[in-house]
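**Q** Compute the structure for the input listed below.
(one chain, ligands or ions: 1)
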Amino acid sequence: MTSSSEGEILQSGQLIRDRWKVNKKVGGGGFGEIFDAFDLQNHNERVAIKVESSKATKQVLKMEVAVLRRLQGKKHACKFYGCGRNDKFNYLVMSLQGKNLADLRRESPRQCFSVSTALRLGVQILLGIKEIHSIGFLHRDIKPSNFAMGRTPTTMRVVYMLDFGLARQYLNAKGEIRSPRSAAGFRGTVRYAAVTAHKNKEMGRQDDLFSLFYMLVEFLQGSLPWRKIKDKDEVGRMKEEADFDVLLEGCPSDLLNIPAHLKSLGYPDDPDYDLLEQTLRNILSRMNVNMDDPYDWELNYENISGRSRTTTTTNGNVSTRMKSHTTAVKDRGPENRALDTQAPLTMGEDDDEQTGNCLFRCPPMNSTHTAEKHDDKPDKPKYKRQEFMRPKYGAVSFDVIDAVNARLAAAANGESSPKNNGVVASSSNNDFFQRIRYDTSVDNGKSAGNNVDVTIDLGLRPSRTSDSGPVGGSITAPGTPAAQRAQRPPLQAEPARISKSNRSITLSVGGKRLPPTTVTTRRDTHAFADGSGSTYQRTAATTASKWPDSFDETADEDPILPIDGAAVVPRSPMNHRFPRNLASPPQQGCEIPRGKSIRGISPGISPGICGGYPPAPTFGFFWSLMLRYRIISLKNSFVGNFLQRF
Ligand SMILES: Nc1ncnc2c1ncn2[C@@H]1O[C@H](COP(=O)(O)OP(=O)(O)OP(=O)(O)O)[C@@H](O)[C@H]1O
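**A** Below is the predicted model of the structure:
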């Protein structure tokens with residue numbers, strides 16, 4: 001543990017948001033520094049604050065926040081307390097855990113754990129990995145220093161997963177596996193990275209599990225054969241050629257099931273988590289190990305302190321054996337313990353445990369791909385009703401989606417009624433209503449009084465009445481007889497509006513010429529506003545829509561985005577394709593008070609994109625084109641993604 005000192009982002013005693021008082025630095029890695037602090041508003045409870053300089057070239061804290069929030073309620077995730085940013089740093093406040101597993105292993109006299117401890121940790125880490133996979137993300141930096149034991153009496157035997165800075169979504173918005181990129185930059189930590197990462201290939205779920213396998217080998221054997229190798233490609237080759245029998249020499253032979261299963265998996269395949277868990281549990285039960293038994297450190301490592309330790313033979317029987325690898329680890333003194341999470345570019349004894357970010361530096365193994373392709377650009381998400389979100393996001397309001405779709409369908413069927421606000425649309429197959437769908441939702445909570453009103457502008461204008469010729473602003477299909485159009489009631493002059501009550505939604509479509517300032521007040525429609533520690537959450541179903549607001553709701557200081565005109569929100573790695581043009585800053589403090597309403601529209605809507613609201617355009621192709629632009633620009637918006645299927 002280190003104390004904070006001059007030059008660090010936070011200083012001891014510093015107050016953040018008048019709530020968290022910094023105590024001292026407890027960790028630091030390639031991407032951030034971690035401090036422990038007191039929560040002055042919660043009986044001085046100890047919390048961890050991870051900070052990242054706002055000048056850091058690689059900003060990962062937003063991703064951490066995004067993932068940690070989704071993991072709330074999972075057993076192996078830290079509690080999320082808040083986040084924010086100012087001109088100097090971004091920060092994330094979460095529950096403080098105890099020692100990480102890298103430190104605990106190094107404190108062991110032989111730098112290894114007993115089989116009992118190693119495999120029980122393995123079970124918990126496996127379940128933690130399963131949790132992050134269940135929310136659609138890969139961790140991509142599974143290693144001992146990214147797991148820590150709880151620090152309270154009730155959590156001290158629970159393993160917590162840390163550090164989601166390199167996470168990546170492997171599911172698209174439909175819950176399908178995203179297409180693998182032909183080249184992806186190396187992500188992770190050389191010592192534990194799967195061969196896939198060494199080859200700069202797209203990592204899949206099995207690769208997180210391969211990292212777990214390497215961790216297990218290290219836990220049991222005290223080291224990995226490539227521990228001292230600095231060259232990433234060389235390490236990759238060693239892993240590719242590794243003989244698992246040799247790696248697991250002297251360990252329960254059942255463990256061979258793990259790499260055997262993982263090697264059988266390709267990028268899109270579902271790992272058999274149960275098989276892996278059962279493999280570990282079977283060994284533990286043969287050894288009569290109880291999951292509640294004390295861990296090695298609780299026994300002061302006395303169970304493994306001699307030159308031999310109790311373990312099992314390859315057939316799983318318990319025996320005592322000499323370790324053959326002791327010479328490989330005896331030079332690892334306590335002085336090296338803190339190295340593995342320091343800056344990734346310094347190569348110390350344990351540097352190969354550092355998180356790598358070899359983007360643009362490390363050519364891929366066996367690959368001719370060039371560096372410019374090695375980024376985290378996501379594949380273009382396809383937005384549809386997101387069935388996969390249902391079990392994971394609990395109260396995602398599919399009834400909202402259905403209600404909107406029903407309204408759109410009604411409009412498409414040419415109904416003119418209060419329900420669709422007088423909008424008459426042709427039932428022609430070309431009608432644009434038939435080609436859009438509402439694809440996400442506002443999770444509005446279950447209790448009454450959580451109503452949220454959202455305004456969506458579809459870019460329609462009040463219609464001109466006309467006896468002949470096209471009528472601007474009417475929603476109609478090209479080819480609708482002019483006479484029919486002329487009798488159509490005008491669209492309402494207000495922006496289209498979705499009023500969402502607790503479990504229902506009303507859509508009205510109208511049009512209004514919006515001056516730029518009005519348009520731009522709509523950024524807060526990312527249906528995403530959960531207060532730190534709040535008892536309710538509102539979430540949109542798409543990550544991309546939430547991304548830009550990751551810090552906003554708890555930020556108490558200057559926004560990073562410029563205040564004046566048409567600022568472009570930095571594109572998130574998850575949202576490269578839809579830069580958001582803004583003409584006003586994001587609303588800070590976008591927490592939606594209970595019972596209040598918010599108004600807004602996609603930040604993607606901008607006069608710049610749509611070319612403003614042209615006067616009295618000829619209906620037909622022009623309107624269709626404009627609407628298409630606007631619908632496209634609505635993608636990833638807070639309240640909904642309209643998908644236009646032309
Ligand atoms: N919530 C927490 N409670 C206690 N300690 C923590 C917490 N989060 C992180 N740490 C400590 O800080 C160390 C570094 O944290 P983390 O891995 O998040 O930083 P990083 O900069 O991403 O590191 P790396 O580049 O090594 O992956 C962890 O190994 C752990 O010891």
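**Q** Would you confirm that residue 45 contacts residue 23?
**A** No - Residue 45 is not in contact with residue 23 according to Cβ atoms under 8 Å; the separation is 11.9 Å. (Glycine included, C-beta is placed from N, CA and C.)
**Q** Find the residues that touch each one of the two.
**A** Counting by Cβ atoms under 8 Å, 6 or more residues apart in numbering, the contacts common to residue 45 and residue 23 are residue 38.
**Q** Between these two, point out the one with more neighbours.
**A** Shown here are residue 45 and residue 23; by other Cβ atoms under 10 Å, residue 23 has more neighbours (20 against 14).
**Q** Go ahead and list the helix or strand containing that one.
**A** With secondary structure defined by DSSP states H and E, residue 23 is part of strand 20-28.
**Q** For that strand, enumerate its sheet partners and note whether each is parallel or antiparallel.
**A** strand 15-16 (antiparallel), strand 33-39 (antiparallel) (DSSP bridges).
**Q** Now render these as CSV, adding mean neighbour count and distance to residue 257.
**A** Below are the strands paired with strand 20-28 laid out as CSV (neighbours: other Cβ atoms under 10 Å; distance: least, Cβ to Cβ, whole Å):
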stretch, mean neighbour count, distance to residue 257
strand 15-16, 16, 47
strand 33-39, 23, 36
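**Q** do you know which of these lies nearest residue 207?
**A** Residue 207 lies closest to strand 33-39 among those, at 25.3 Å (Cβ to Cβ).
**Q** what's next to that closest one, contact-wise?
**A** In contact with strand 33-39 (Cβ under 8 Å, 6+ apart) are residues 4, 8-10, 16, 19-28, 44-52, 81, 93, 96.
**Q** With stretch 239-247 instead?
**A** Residues outside stretch 239-247 that contact it (Cβ under 8 Å, 6+ apart) are 194-195, 198, 214, 217, 221, 224-226, 256, 259-260.
**Q** can we see that at 7 Å?
**A** 195, 198, 217, 226, 256, 259 (Cβ atoms under 7 Å, 6 or more residues apart in numbering).
**Q** and what of stretch 208-216?
**A** 118, 122, 125-126, 129, 138-140, 142-144, 192-194, 224, 255, 258-259, 262, 271, 276.
**Q** give me that answer again for 8 Å
**A** Counting by Cβ under 8 Å, 6+ apart, 101, 118-119, 122, 125-126, 129, 132-133, 138-144, 188, 191-196, 224, 239, 255, 258-259, 262, 271, 276 sit against stretch 208-216.
**Q** Quickly check: that stretch near the ligand or not.
**A** No - residues of stretch 208-216 are not located near the ligand by Cβ under 6 Å from any ligand atom, the shortest gap being 12.3 Å.
**Q** before we move on, the earlier item: ok, and of the contacts of stretch 208-216, which contact the ligand?
**A** residue 141.
**Q** how about the residues of the protein near the ligand?
**A** Residues of the chain found near the ligand (Cβ under 6 Å from any ligand atom) are 26-27, 29-32, 34, 48, 50, 78, 94, 96-97, 100, 141, 145-146, 148, 162-163, 165, 341, 354-355.
**Q** Just the buried residues of those residues.
**A** 26-27, 29-32, 34, 48, 50, 78, 94, 96-97, 100, 141, 145-146, 148, 162-163, 165, 341, 354-355 (16 or more other Cβ atoms under 10 Å).
**Q** Buried residues, the helix or strand containing residue 123. List them.
**A** Assessed by DSSP H and E, residue 123 sits inside helix 115-134. Of the residues in helix 115-134, 115-133 count as buried by neighbour count, 16+ other Cβ under 10 Å.
**Q** quick one, phi psi at the residue lying closest to residue 256 once chain neighbours are set aside?
**A** Closest residue in space to residue 256, ignoring its immediate chain neighbours: residue 244 at 5.7 Å, by Cβ to Cβ, 6 or more residues apart in numbering. When read as degrees, to the nearest 10, the backbone of residue 244 gives phi -60, psi -30.
**Q** what about residue 14, how many neighbours?
**A** 16.
**Q** next one: residue 292
**A** By the criterion of other Cβ under 10 Å, residue 292 has 7 neighbours.
**Q** for the one 10 residues further on, same thing?
**A** The local packing count at residue 302 equals 9, with neighbours defined by other Cβ under 10 Å.
**Q** Roughly how far does it sit from residue 183?
**A** According to Cβ to Cβ, to the nearest Å, residue 302 stands 49 Å off from residue 183.
**Q** Run through the residues that contact residue 279.
**A** Per Cβ under 8 Å, 6+ apart, neighbours of residue 279: 254-255, 257-258.
**Q** Please list only the buried members of the residues you listed.
**A** Buried, going by 16+ other Cβ under 10 Å: 254-255, 257-258, out of those.
**Q** want to try TSV for the residues you listed, with pLDDT and secondary structure as columns?
**A** Listed next are those as TSV, based on pLDDT from 0 to 100; DSSP: H, G, I helix; E, B strand; the rest coil:
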residue	pLDDT	secondary structure
254	97	helix
255	98	helix
257	98	helix
258	98	helix
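**Q** can you put the strands paired with strand 20-28 in JSON lines and add mean pLDDT?
**A** Shown next, in JSON lines, are those (pLDDT from 0 to 100):
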{"stretch": "strand 15-16", "mean pLDDT": "97"}
{"stretch": "strand 33-39", "mean pLDDT": "97"}
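**Q** Ok, which of those comes nearest residue 107?
**A** Closest among those, using Cβ to Cβ: strand 33-39, at 19.0 Å.
**Q** Now do the helices in the stretch 151-300 of the chain.
**A** In the stretch 151-300 of the chain, the segments counted as helices under DSSP state H, counting those that start in this stretch are 195-198, 205-221, 232-241, 244-247, 257-263, 273-286.
**Q** Tell me where the model's unsure across the protein.
**A** 1-7, 305-646 (pLDDT under 70).
**Q** care to break it down by domain?
**A** Domain segmentation of the chain under the TED database yields 14-38+46-96, 100-301.
**Q** Next secondary structure after the one helix or strand residue 47 maps to?
**A** Assigned by DSSP H and E, residue 47 belongs to strand 45-53. Next along the chain after strand 45-53, taking DSSP H and E as the criterion, comes helix 61-70.
**Q** elements contacting that next one?
**A** Packed against helix 61-70, as judged by 3 or more Cβ pairs under 8 Å, 6 or more residues apart in numbering; DSSP states H and E, are the following elements: strand 45-53, strand 80-85, strand 89-95.
**Q** ok but residue 13 is inside a helix, no?
**A** No - applying DSSP: H, G, I helix; E, B strand; the rest coil, one finds residue 13 to be coil, outside a helix.
**Q** check contacts around residue 267.
**A** 177, 180, 196, 201-204.
**Q** where's the closest residue to it other than its chain neighbours relative to the ligand, distance?
**A** Distance criterion Cβ to Cβ, 6+ apart; nearest residue to residue 267, sequence neighbours excluded, is residue 204 at 4.0 Å. The gap separating residue 204 from the ligand is 20 Å, by Cβ to the nearest ligand atom, to the nearest Å.
**Q** related to what we said a few turns ago, of the contacts of residue 267, grab the buried ones for ChimeraX.
**A** In ChimeraX syntax, the buried subset of those is picked out as below (16+ other Cβ under 10 Å):
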select :177,180,196,201,202,203,204
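**Q** Looking at the contacts of residue 267, which one is closest to the ligand?
**A** Nearest to the ligand, judged by Cβ to the nearest ligand atom, of the contacts of residue 267 is residue 203 at 15.6 Å.
**Q** need the contact list for the closest residue to the closest one other than its chain neighbours.
**A** Leaving aside its sequence neighbours, residue 203 sits nearest to residue 196 (Cβ to Cβ, 6+ apart; 5.2 Å). By Cβ under 8 Å, 6+ apart, the residues touching residue 196 are 202-204, 207, 210, 267.
**Q** just residue 51 next, same as before
**A** Per Cβ under 8 Å, 6+ apart, neighbours of residue 51: 9-10, 32-35, 61, 89-92.
**Q** Pipe those residues into CSV and attach distance to residue 233 per row.
**A** Formatted as CSV, the contacts of residue 51 follow (distance: Cβ to Cβ, whole Å):
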residue, distance to residue 233
9, 34
10, 37
32, 27
33, 30
34, 31
35, 36
61, 30
89, 35
90, 33
91, 36
92, 34
